[in-house]
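> missing the sequence, but the structure's below:
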C-alpha cells in the first residue's frame, strides 16, 4: 500500500470544470497547472545538476507523471502520444489520462488541440476507525426482509486495497468464484497491465487491514455454511481492483468496469471507500465531471464514502464584511506529520483575485510575509482554477523546510483581505493539522467535509454512517463496546463526515449502518493477527481457515448501499441514476435521530431496502412495458410482529393469501385480482393469538409458504 505521508508533494492538487466536454472557462495563461509546472521544473533542474551522467537524477527527469489532459479531440492526442512511444486512455471525447514523461507533457502543451494538462491527485483509503469497536446488526440476516432479489445479473465493482480474492465469501454454492475480473493496479512493481479472470492465491500485497475484503463481503459476500455474516447482493458478479488510488488510474478503472458490464449486458455499481479533503468540494474537477458523464449516460452507478472526519475541525469559512476586511487563517500541523497540506478557495467564479492572499509565518505574534521564491520552495501556489474559475491557494508544505526557513516555533498562515460579498472556504487534509482560532483568526469546524474522489462526484451516492449497534462479541467470548463507547444506537457515527457540499447537490445523500459491522477478513494482510479481538469467528474449508470480524467507518456503510442498489437493479434493470436518487430521497427512514427531510449528517435519512425496492418496482410498472421480475418467486416480504407487508415483484392476474395454524387449520384467506408490479398488500397480525402460523401465497405461476411467529 502506498504511504500517503511520503507521496510526492506536488500530488496535493485540485482543479475543476464547470461544464464537462466544453473548453475550460478560463483559457488565458499557461496550459500546465502550476503544480505540474513546478514538478517538471524541479525534475529538469535536478537533471541539469547531474553532471551529464545517466544516473538516478537524469532518470528521474524522464520518470512519467500521472496527468489528466483536457483536449478538443481525445483520439487525435492519443494517437500523438502513441507515436511518441507512450500510452494514454481515452476517457471520452475531451478527456484522456496517462502516465507521460515530462518531455512529452511539454510537447503536448504546445499542441493547439490541447487545452489544459493537470497533475493527478492522490486519494487514500478511508480507514480511520476501521479496526476498532464494531458490530452492526447483521446486514442481511433474513429475519426482517425476505426477498428473492440477490443482485443476480448485476456487476459490483470494488476499487480498494486489501483484497483476498479467494476468500470463501466470494464463491457460489457450486464452488465457483463470483469474481469475474481482477486488476491489480496498486501493488507496484507487481501491478498488472490488464484485467484477468485468474485470481491470486494470496492477498493483493497491499497493507490495508484487509479493508477491501471486508467492504466487498458487506456488499456481496456469499452465504457460507456456519457463518451468518454474508452480504446483501449474494448473487451479484464481482470486479475487484486493488488500487493505488491515483486519480488518473481510477478514471481508467471505472471506465473498464463500465465497459465490461456493457459487454455482458449488465448494470454496474462501483463502490469507492476512499477520498481526500484536497479539492474544490464542488464536483467541478475533470475527474469528477468525467465520471459524472458516465453516470449520466447510464454506464455505471457510483457509491462513495463521505469520509471519517466527522469530529475533526479541518474546515473553515469566512464571509468578508465591508471594504478591505482583513482576516487570517493559521494552520497548525499535528505533532506527528511531516507535511502540512491545505487549501483556500474563493467562492466567486469570475476568474479574478477578488480576495488577496498573503502567506506568512508567525513567530511570537509577529507575521513575516513569504516572498514569491519562498512560496515556490514551500509548494505554495496562488492560482486561478481553469475549470471552475475560482481563485485559490494550494499548499503542501514540508515542515522540515518550513522550520529551516522560519524556525522551530513558527506557524504557517495566510492573511486574507476581501470585501462584502467575498467568501472563502478552507481545508486541511484529514489528520495533518487543524485551524487555530483567536483574535483576527478564523476558527475551524467540521462542516463541508464531503470527501473528494468519490462522494464529490455530482451524481454519486454519498454515504454517511450511523450506528445500528454499539457492541460485538469477539472470538474470545467477550462483549466489546457498549455505552462506554459514547456511541448511541441509532445515532450518526461520531466519525461520519458532515456535509453540506458546495456543488449545488445535497450531500450526504443517504446514511447506512457503518458502526461495528461484521464481515470477512483478509488473512494475507501484513498486519493480520489470528488472535485479534476484532475477529468474531472463523470457518474451515479444506486446509484453509477463513476469518470474519468487525470494522467501522463510512467505508462499511457505503457497500451496504452498493449491495441494496444491486437488488433494486435486478428488480428493475432500467433504473436511471436520477430515479435511484429519487428513491433514496423519498423512501428513506426518519426517526428520532434522522428527523428531517435532509440534513448534513444523515442526508435524506436512513436507507430503507424494502421501501426502495417497492419504488423501483413501481418505476418498472410505470414503463411502457412493465418488467417481469428476474425471479420465480412472486413476492418480497417485509416482516414485523404487527404485520407482514407483501410486495408483488411482477404483475399478477390474481393472488391468494392464506393464513394457517401450525396444525393446518385455515385462519383466514384473501383473494386479490389484477395486481400491479410494486403493489403491496398487508397481512395484519395484531388480532392474532400468540403462536406459530404458516402464510401461503398463491399466484398463477407460483405457490409459496413461509412460517410466521406471532409473539
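Thanks, I have it. The structure presented is a predicted model; accordingly, all values stated were derived computationally and were not measured.
> So residue 221 versus residue 648, what's the distance?
28 Å (CB to CB, to the nearest Å). In short, each C-beta sits where N, CA and C put it, glycine included.
> where does the stretch 51-200 of the chain have low pLDDT?
51-61, 127-143, 188-189 (pLDDT under 70).
> Start from the N-terminal end of it and give the strands.
Counting by DSSP state E, counting those that start in this stretch, the stretch 51-200 of the chain has these strands, from start to end: 65-71, 89-92, 95-100, 114-119, 124-125, 145-146, 154-160, 179-182.
> Out of those strands, which is the most enclosed?
strand 154-160 (a mean of 28; mean count of other CB atoms under 10 Å).
> number of nearby residues for residue 673?
Neighbourhood size, residue 673 [other CB atoms under 10 Å]: 8.
> cool, the one 4 residues further on as well?
Other residues lying near residue 677 total 25 when counted by other CB under 10 Å.
> Shouldn't it be within a strand?
No: using DSSP: H, G, I helix; E, B strand; the rest coil, the secondary structure at residue 677 is coil, not a strand.
> If I look at it, what pLDDT would I see?
With respect to pLDDT, residue 677 scores 92.
> Count the neighbours of the nearest residue to it once chain neighbours are set aside for me.
Leaving aside its sequence neighbours, residue 677 sits nearest to residue 621 (CB to CB, 6 or more residues apart in numbering; 3.9 Å). Residue 621: 17 surrounding residues under other CB under 10 Å.
> what's residue 621 in contact with, if anything?
When contacts are counted by CB atoms under 8 Å, 6 or more residues apart in numbering, residue 621 is found next to 651, 676-679.
> Tell me the one among those nearest to residue 603.
residue 678 (23.9 Å; CB to CB).
> That closest one contacts residue 617, correct?
Yes: assessed by CB atoms under 8 Å, residue 678 is found in contact with residue 617 at 3.3 Å.
> and the two? which has more neighbours close in?
Using other CB under 10 Å, the more surrounded residue of residue 678 and residue 617 is residue 617, with 28 against 25.
> and the more buried one, that's in a helix?
Yes: per three-state DSSP, residue 617 lies within a helix segment.
> show me what contacts it?
571-572, 629, 647-649, 677-678.
> Swap in 7 Å and give it another go.
The contact partners of residue 617, by CB atoms under 7 Å, 6 or more residues apart in numbering, come to 571-572, 649, 677-678.
> And those, which is closest to residue 315?
Closest to residue 315, out of all of these and judged by CB to CB, is residue 572, at 38.2 Å.
> Can you tell me how far that closest one is from residue 234?
For residue 572, the distance to residue 234 - CB to CB - is 19 Å.
> what's near enough to touch the residue positioned nearest the centre of the chain?
Per CA atoms, centre = their mean, the C-alpha nearest to the average position across the chain is that of residue 304, at 2.3 Å. Listed by CB under 7 Å, 6+ apart, the contact partners of residue 304 are 272, 454-455, 457, 460-463, 558.
> now with 10 Å?
Residue 304 makes contacts with 126, 270-275, 291, 450-457, 460-463, 507-509, 554, 558, 561-562, as judged by CB atoms under 10 Å, 6 or more residues apart in numbering.
> Ok, residue 251 next?
If you count contacts by CB under 10 Å, 6+ apart, then residue 251 has 68, 89, 91-92, 95-97, 120, 286-287, 290-291, 294 around it.
> same check, this time on residue 74
Applying CB under 10 Å, 6+ apart, the residues near residue 74 are 88-97, 113.
> Same question for residue 505.
282-283, 450, 457-460, 462, 499, 581.
> any idea how far it lies from residue 355?
25 Å.
> before we move on, the earlier item: quick check: phi and psi on the residue nearest to residue 677?
Main-chain dihedrals, residue 621, degrees, to the nearest 10: phi -70, psi -30.
> now do residue 40
phi -70, psi -40.
> ok, now residue 691?
phi 150, psi -180.
> Skipping its backbone neighbours, what lies nearest it in space?
Going by CB to CB, 6+ apart, residue 691 has residue 710 as its nearest residue, at 5.9 Å.
> Tell me, how many residues neighbour that neighbour?
14.
> so how far is residue 646 from it?
16 Å.
> And for residue 366?
74 Å.
> the more surrounded of these two?
residue 646 (21 against 8).
> one step back: out of the contacts of residue 505, which comes closest to residue 340?
For the contacts of residue 505, the nearest to residue 340 is residue 450 (21.8 Å; CB to CB).
> what sits against the closest one?
275, 277, 279, 281-283, 304, 306-307, 456, 460, 462, 464, 497-503, 505, 507-508, 600.
> Try it again at 7 Å.
281, 306, 456, 462, 497, 499, 501, 507.
> any idea which of the residues you listed is closest to residue 411?
residue 281 (24.5 Å).
> Run through the stretch 551-700 of the chain and note the low-pLDDT ranges.
Across the stretch 551-700 of the chain (using pLDDT under 70), the flagged ranges come out as 624-626.
> With distance to residue 379 as extra columns, can I get the contacts of residue 74 in TSV?
Formatted as TSV, the contacts of residue 74 follow (distance: CB to CB, whole Å):
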residue	distance to residue 379
88	27
89	28
90	31
91	28
92	31
93	33
94	29
95	26
96	27
97	23
113	30
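> just those residues now: which is nearest residue 334?
Set against residue 334, the nearest of these by CB to CB is residue 97 (32.6 Å).
> Beta-bridge partners for that closest one, please?
residue 68, residue 89 (DSSP bridges).
> Residue 484 versus that one, what's the distance?
48 Å.
> doesn't residue 310 make contact with residue 430?
No: using CB atoms under 7 Å, residue 430 is not in contact with residue 310; the gap is 10.5 Å.
> how about the nearest residue to residue 194, chain neighbours excluded?
residue 183 (7.2 Å).
> Let me see the contact set for the one you found.
192, 195, 241, 256.
> sorry, back to before: of all the contacts of residue 251, which two lie farthest apart?
120 and 294 (17.8 Å).
> Any buried residues in stretch 196-210, and which?
199-200, 203-210 (16 or more other CB atoms under 10 Å).
> Run through who's touching that stretch.
Contacts of stretch 196-210 (CB under 7 Å, 6+ apart): 1, 125, 127, 130-131, 161-166, 177, 179-182, 184, 186-187, 190, 242, 521-522, 524-528.
> where's that stretch relative to the chain centroid, distance-wise?
Averaged C-alpha coordinates place stretch 196-210 at 20 Å from its chain's average position (CA atoms, centre = their mean, to the nearest Å).
> Kindly report the same for stretch 161-178.
Taking mean C-alpha positions (CA atoms, centre = their mean), stretch 161-178 and its chain are 22 Å apart.
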